[in-house]
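Visitor: Pasting the sequence and the predicted model now:
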Amino acid sequence: MAKYSDEFKLIIVKEYLEGFLGYQRLAQKYGMPDKSPIQKWVNSYQALGKDSLRRNYSKKEYSVQFKLDVLNFKKETGASYQETADRFSIPERSIIANWNRIFLKKGVEGLEPKPKGRPSMSKKTKSNPPKKEKGIEREEQLEREIELLRLEVSYLKKLKAFQENPDAYLEKHKQRWRLNSSKKDSN
């Protein structure tokens, strides 16, 4: 949606109130894709005056009791969202529609203000318990453990053989290494 200046809005509203052109013709004249913003500006101007056309950059906070009063008024009188917004000087009718939707969904607790911004970082470090591997079944875990134990046993056997007779162990492995390297060279 395009953003329009306050002066532009006031010009269009006054031109409409002079009565020469309707909403659709004004939208066409000023190259606007739709007439609905003009309708909103005119209604807002008539209900709240010139200040209602100004863009409000700060969001106004409403109390829970005020929100309930607005919703109660709308329900009891059968007023539209726009009429209710005009009656309570609320700039957008969609605000009331949101309150109504939240109230129907979550009740009064949903209308309470929410904390703004990011939550502060806690001073305590979180100690996460070690994560269990979710995808691995119990059987697979046991097989993995068995394989690790087999590797450990073979390593210890080789270490023991090396400690008992280091020269014989090295000679044996040199022969294996020579055999493996000569096979690679012959290819």
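Guide: Good, I have the coordinates.

Visitor: Show me what the longest helix belonging to the chain is packed against.
Guide: Secondary structure of the chain read by DSSP state H shows that its longest helix is helix 138-164. Secondary-structure packing of helix 138-164 (3 or more Cβ pairs under 8 Å, 6 or more residues apart in numbering; DSSP states H and E): helix 166-186. From N, CA and C alone the C-beta is placed, and that goes for glycine too.

Visitor: Looks like Leu48 contacts Arg87 (just checking).
Guide: No - applying Cβ atoms under 8 Å as the test, Leu48 and Arg87 come out as separate, 10.4 Å apart.

Visitor: so is the residue nearest to the spatial centre of the chain in a helix, a strand, or just coil?
Guide: Central residue of the chain (Cα atoms, centre = their mean): Arg118, 12.2 Å from the mean position. Three-state assignment for Arg118 (DSSP: H, G, I helix; E, B strand; the rest coil): coil.

Visitor: Got phi/psi on it?
Guide: In this entry, Arg118 is assigned phi and psi values of phi -80, psi 150 (degrees, to the nearest 10).

Visitor: How is the protein partitioned into domains?
Guide: With domains defined by automatic domain parsing, the chain comprises 1-54, 61-114, 141-186.

Visitor: pLDDT score assigned to the residue nearest to the centre of the chain?
Guide: pLDDT, Arg118: 85.

Visitor: try Asn187
Guide: pLDDT for Asn187: 50.

Visitor: among the helices and strands of this protein, which has the poorest mean pLDDT?
Guide: helix 166-186 (a mean of 64; mean pLDDT, DSSP states H and E).

Visitor: all helices in the protein, in order from the N-terminus.
Guide: Here the chain has its helices, by DSSP H, at 6-18, 23-29, 36-48, 64-77, 81-87, 93-106, 138-164, 166-186.
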